[in-house]
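> The following comprises the amino acid sequence and a computationally predicted model.
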Amino acid sequence: MKAKTSQPRSPVLLRPCDPETLQEDIQEIQLAIARRAFELFEARSHEHGHDWEDWFQAQSELLRPVSIAVSETADRFSIRANVLGFSQKELKVGVEPTRVAILGRKRASGAAEAQETPAADSPAHLLQVVDLSSEIDPRCAVVELQSGVLRFELSKVGKPEAMAVGAGQA
């Protein structure tokens, strides 16, 4: 009997969320981090001078790290984010003219998802915002999830120089 070889899953398109709705979700996670940082402050008998340490500790407890790779050409950005263990339904993405945001909330996993989850004790959320050096057109964004990698293809706004030079000539 032959063992099955796992085939790569086909990409799943993700539709960017409304920026205002996504911002509310981001603020909810930031408030949870702030509450946890305050708990750490209280546990140290309100000893001042450790605010950044408390904040980073709270983040590490609540947020799963996300590795990001950004490449840029004259007319586009390509972004890759490792979101292994998060399904399409557990991810929200936002695409704005100068940034992209990725938000993940882990749900109770079933047997199929448990195989993709890196560790049972890893944080159940992810939050990553990537600021862009040039403006993009959010309406042209393509966002795909495939085998734990979230891929953004983003077109920059503006005309190529060759077109701009000849625009005013008759």
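Now that the structure is in, tell me what you want to look at.
> Show me the strands in this protein, by range?
Using DSSP state E, the strands of the chain run over 12-13, 68-72, 76-82, 91-96, 99-105, 125-131, 142-146, 149-155.
> Ok, which of the ones you listed comes nearest residue 41?
With Cβ to Cβ as the criterion, residue 41 lies closest to strand 125-131 of the strands of the chain, at 21.0 Å. (C-beta placed from N, C-alpha, C; glycine too.)
> what's the average pLDDT for that closest one?
Averaged across strand 125-131, pLDDT comes to 95.
> Kindly report the same for stretch 66-78.
For stretch 66-78, mean pLDDT is 96.
> What's the local residue count around the closest residue in space to residue 145 that isn't next to it in sequence?
Distances taken as Cβ to Cβ, 6 or more residues apart in numbering put residue 12 closest to residue 145, at 4.9 Å, once the chain neighbours are dropped. Residue 12 is flanked by 12 other residues according to other Cβ atoms under 10 Å.
> For residue 53, find the nearest of the strands of the chain.
strand 125-131 (19.5 Å).
> Quick check: buried residues in that closest one?
Neighbour-count burial for strand 125-131, counted by 16 or more other Cβ atoms under 10 Å, picks out 125-128, 130.
> same deal with stretch 89-100?
Buried, per 16+ other Cβ under 10 Å, within stretch 89-100: 90-96, 100.
> Output it as CSV - backbone C-alpha positions only.
Coordinates of each C-alpha in stretch 89-100 appear next as CSV, following Å, rounded to 0.1, in the frame of the first residue of the first chain:
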residue,chain,number,x,y,z
LYS,A,89,-12.0,31.9,8.8
GLU,A,90,-9.6,32.9,11.6
LEU,A,91,-7.9,35.6,9.6
LYS,A,92,-8.9,39.2,8.8
VAL,A,93,-6.8,41.4,6.6
GLY,A,94,-6.9,45.1,5.9
VAL,A,95,-5.5,46.9,2.9
GLU,A,96,-5.2,50.7,3.1
PRO,A,97,-3.3,53.1,0.8
THR,A,98,-0.2,53.1,3.0
ARG,A,99,-0.4,49.9,5.1
VAL,A,100,-1.7,46.4,5.4
